[in-house]
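Participant: How does the following fold in three dimensions:
(one chain, ligands or ions: 1)
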Amino acid sequence: MIEINQLTKTFTSQDGTPVHALGGVDLTVNDNEFLTLLGPSGCGKTTMLKMIAGLQGWDGGTITIDGKAVTGPGPDRSMVFQNFALLPWATVMDNVCFGLRLRGTERRAREERAQELIEMVGLSGFESKRPGELSGGMQQRVGIARALAVDPQILLMDEPFGAVDEQTRRLLQEELLSIWERNRLTVVFVTHSMEEAVLLGDRVVLMSARPGQISEIVEVPLARPRSSDVGGLERSREYTEITAHLWDQLRSMHSEHRDVEAVR
Ligand SMILES: Nc1ncnc2c1ncn2[C@@H]1O[C@H](COP(=O)(O)OP(=O)(O)OP(=O)(O)O)[C@@H](O)[C@H]1O
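Facilitator: Numbering: from 1, shown residues only. Sure, this is the predicted structure:
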C-alpha cells in the first residue's frame, strides 16, 4: 500500500519566483489497485509520480510503501514515461534487459525474461531493431516491457499513451488492462484524458489546480475485466455519467483558476 501524507513541494523557477507545485496531498493507493490521476496542467501530477518513484525530493510530508519510507528509487517500482525514454542506440532486446542488467541478472536469464515480455507486448521479430526504427506505439510497448522486466509491485505511468495516435492508444489501453488483470500490479497512471482515466481506473483521483491537492476521488463502478470490450464500456450509462461529472469538475476548476489568475 502506498500512503502519502501532507506532501508539499515548492520549486524555484528560473527568475527566482516560487512555484507551489503540491499543497499538502493526502492519498492512499491500495495493493493491486489501478488508480488514475487527472487534473489541470501544472497541478503537480508528474511531480507526485516522480516522488513515489523516488526520483524527486519533496519539502514536507511523507510517502511510505508498505510502511517503509520512500527515500529513493527501488526495485519494487518502475516508471513508464510519456516520451518513452528508451536508449536510442540499444536494440529492443537490450532496452528491455536494461533494468535486469543493472541488477546483475545473468545474460541468459535476462534475455529469457525479456523475450517473454517482448512477446507479451506483441513485438516478437523486432528484438534487434533500434527505437528509431519503430513507431511511437511500438516504442511505448518497449517502454512497458522494460518497466515490467524487473517484476515491480508498482507501475508508475506518466501519460504513457499521450504521444501515440488514437487507434494505437486504444490497443495499448487494452494491452495494459490485460497485463494488469494477469499480473495484479498496483498502477498509478497519470493522464490528461477523462475517458482514459475512467476506462482504466478503479478510482479516478481529481487534483485541483496548482498548488495541487486532492479535490475529489471518484469510484469507477464499471465491471472488470475490461480489456476485451473497452469500446462497449464507453457506451454504458455509468461511463457517460462519470465522465460528465468529471468534466463538470474540471471545467469549474479551469474557470476558478482563470479568475484567480485575473485577480493577480
Ligand atoms: N524542476 C522544476 N523546476 C521548477 N519548476 C518545476 C520543476 N518541475 C516542475 N515544476 C513546476 O511545478 C508545477 C507542477 O509540474 P508537473 O509537471 O508536476 O505538473 P503536471 O500536473 O504533471 O502538468 P502536465 O499535466 O502539464 O504534465 C508546474 O508549474 C511546473 O512548471
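
Participant: residues from the stretch 151-264 of the chain in reach of the ligand?
Facilitator: Within the stretch 151-264 of the chain, the positions near the ligand by Cβ under 6 Å from any ligand atom are R210. Bear in mind the C-beta positions are built from the backbone N, C-alpha and C, glycine included.

Participant: residues contacting the residue lying closest to L38 once chain neighbours are set aside?
Facilitator: Distance criterion Cβ to Cβ, 6 or more residues apart in numbering; nearest residue to L38, sequence neighbours excluded, is A197 at 4.6 Å. Contacts for A197 (Cβ atoms under 8 Å, 6 or more residues apart in numbering) come out as 36-38, 189, 191, 204, 246.

Participant: try I2
Facilitator: By Cβ under 8 Å, 6+ apart, the neighbours of I2 are 27-29, 52, 63-65, 154, 186, 188.

Participant: that older thread, show only the entries of the contacts of A197 found in helices.
Facilitator: Those of those mapping onto helices are L246, per DSSP state H.

Participant: Make TSV out of the contacts of A197 and add distance to L7 and neighbour count.
Facilitator: Listed next are the contacts of A197 as TSV, based on distance: Cβ to Cβ, whole Å; neighbours: other Cβ atoms under 10 Å:
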residue	distance to L7	neighbour count
T36	18	25
L37	13	28
L38	18	26
F189	18	25
T191	20	25
V204	19	25
L246	23	19
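
Participant: Now the two most distant members of the contacts of A197.
Facilitator: Distance extremes for the contacts of A197: the farthest pair is F189 and L246 at 14.8 Å, using Cβ to Cβ.

Participant: For the one helix or strand I144 maps to, enumerate the helices and strands it packs against.
Facilitator: Counting by DSSP states H and E, the element that carries I144 is helix 136-149. Counting contacts by 3 or more Cβ pairs under 8 Å, 6 or more residues apart in numbering; DSSP states H and E, helix 136-149 packs against strand 77-80, helix 92-102, helix 107-120, helix 166-183.

Participant: Can you name the residues that contact whichever residue of the stretch 51-200 of the chain sits closest to the ligand?
Facilitator: Closest contact between the stretch 51-200 of the chain and the ligand, by Cβ to the nearest ligand atom, is at H192 (6.0 Å). The contact partners of H192, taken as Cβ under 8 Å, 6+ apart, are 38, 41, 159, 162.

Participant: now M138, nearest residue through space, not along the chain?
Facilitator: In space, M138 is closest to L123, 6.5 Å off (Cβ to Cβ, 6+ apart).

Participant: and that neighbour, how many residues sit next to it?
Facilitator: 19 (other Cβ atoms under 10 Å).

Participant: contacting residues for it?
Facilitator: Contacts of L123 by Cβ under 8 Å, 6+ apart are 92, 138, 141-142, 145.

Participant: Strands of this protein, start to end?
Facilitator: 2-12, 18-29, 34-38, 60-65, 68-69, 77-80, 154-158, 186-190, 203-207, 214-219 (DSSP state E).
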